[in-house]
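1. here are the coordinates; sequence isn't available:
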């Protein structure tokens, strides 16, 4: 749908926020949203079984919000409840540990007016260090490894240009309701991590691109207590493989299988170095257990896709970012050079 089709409508943005024991962060997030200028919006809060009463506190403080309560934490797929109940022409998926600026929605809408249908993400700055970037557009390489461009860098305007990216970061995704309905629901197979990679990849299969809009600035706190945990390693690896096995065609998987094997060797040593070997073993066992579910999902994706992998991978990159605060700079450069070489060869094979 073109932006001009919305001109005669009363424009409304549905902001869908998930909460799980958000404490003060969720309250601060909604308070910042309430300062939004020049745009009609509704706030839909989905609580994932919080025990800290933060959702009820928010409802008392902000009675205008629309609150839905889940008995347990069902992960990122809880956003589907918001989609089904949203009344807006546009939709925002927003994490509870964010703060927005007053003009954020108008910048998104202006960008949508200029560039058309797609999934849009903002420039994320670190909430506790606002001079540093958390994400300036998210990227993925051919082997399903994703990263946030510019993460950890000082924000000196080096990422202030609009850009087509691989996928929009799940902490904030803006789009029209028509696009969201076309892509479909967030799959509950993921629970957390890589769900945004999957969503952006599925969009590409339908010819829908993702964009980075730097005029929209959002401050993101993140979850430092969950960084580099065994559970995070497990979810990231398992979900990466679910994406590879269900979103690529069988032909593509066969072509790049030798390189996937080489990547697996590298990933094993990476897990070993970080004492996460059990998490890797758990990943393999989980994928075997889920094989029937994965097979059904791959068939469903093959039936609904509109574009070949040759087209899709044009939005993928060849490199892979590794955090130098966890890995030595020299090691990071060597690994990245290795990834670039393998990606370029794999890209040629897919194109052949």
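-> Yes, it's here. Please read all numbers here as calculations on a predicted model, not as lab measurements.

2. where exactly do the helices run in this structure?
-> 23-33, 54-61, 79-85, 104-115, 177-183, 195-205, 230-247, 250-273, 277-289, 291-304, 309-312, 329-351 (DSSP state H).

3. Nearest to residue 39, out of these?
-> Of all these, helix 104-115 sits nearest to residue 39, with 4.2 Å by C-beta to C-beta. Using the backbone N, CA and C atoms, a C-beta is placed for each residue, glycine as well.

4. how far is that closest one from where the chain is centred?
-> 19 Å (C-alpha atoms, centre = their mean, to the nearest Å).

5. What residues sit buried inside it?
-> By neighbour count with 16 or more other C-beta atoms under 10 Å, helix 104-115 contains the buried residues 104-109, 111-112.

6. And those, which is closest to residue 195?
-> Comparing those against residue 195 with C-beta to C-beta places residue 108 closest, at 20.7 Å.

7. Show the contacting residues for that closest one.
-> 90, 92, 120, 122, 174, 213, 216 (C-beta atoms under 8 Å, 6 or more residues apart in numbering).

8. Who does the fourth one form a beta bridge with?
-> Read it as residue 122. residue 213 (DSSP bridges).

9. What is the neighbour count of it?
-> Residues lying near residue 122 (other C-beta atoms under 10 Å) number 31.

10. Let me see the confidence value for it.
-> According to the prediction, residue 122 has pLDDT 99.

11. Confirm for me that it is in contact with residue 217.
-> Yes: look at residue 122 against residue 217 with C-beta atoms under 8 Å: they come within range, at 6.2 Å.

12. Quick check: neighbours shared by the two?
-> residue 104.

13. Quickly list the domain ranges of the chain.
-> Following automatic domain parsing, the chain resolves into domains at 9-226, 230-351.

14. picking up where we left off before, between the buried residues of helix 104-115, which sits nearest residue 161?
-> residue 111 (12.3 Å).

15. What distance do you get for the closest one to residue 215?
-> Shown here: residue 111 relative to residue 215, a distance of 7 Å by C-beta to C-beta, to the nearest Å.

16. do residue 136 as well
-> Counting by C-beta to C-beta, the gap from residue 136 to residue 215 is 12 Å.

17. With neighbour numbers in mind, choose between the two.
-> Each of residue 136 and residue 215 has its neighbours counted (other C-beta under 10 Å); residue 136 has more, 26 against 16.

18. what sits against the more buried one?
-> Contacts of residue 136 by C-beta under 8 Å, 6+ apart are 123-124, 148-150, 159, 212, 214.

19. Swap in 7 Å and give it another go.
-> Going by C-beta atoms under 7 Å, 6 or more residues apart in numbering, residue 136 touches 123, 149-150, 159, 212.

20. repeat for residue 342
-> Counted by C-beta under 7 Å, 6+ apart, residue 342 has contacts 259, 262.

21. what about it, distance to residue 252?
-> On the measure of C-beta to C-beta, residue 342 and residue 252 end up 15 Å apart.

22. cool, residue 189 as well?
-> 20 Å.

23. Ignoring the adjacent residues along the chain, who's closest to residue 121?
-> The shortest distance from residue 121 to any non-neighbouring residue, by C-beta to C-beta, 6 or more residues apart in numbering, is to residue 168 (3.8 Å).

24. what's the neighbour count on the one you found?
-> 29.

25. Now the phi/psi pair for it, please.
-> phi -90, psi 130 (degrees, to the nearest 10).
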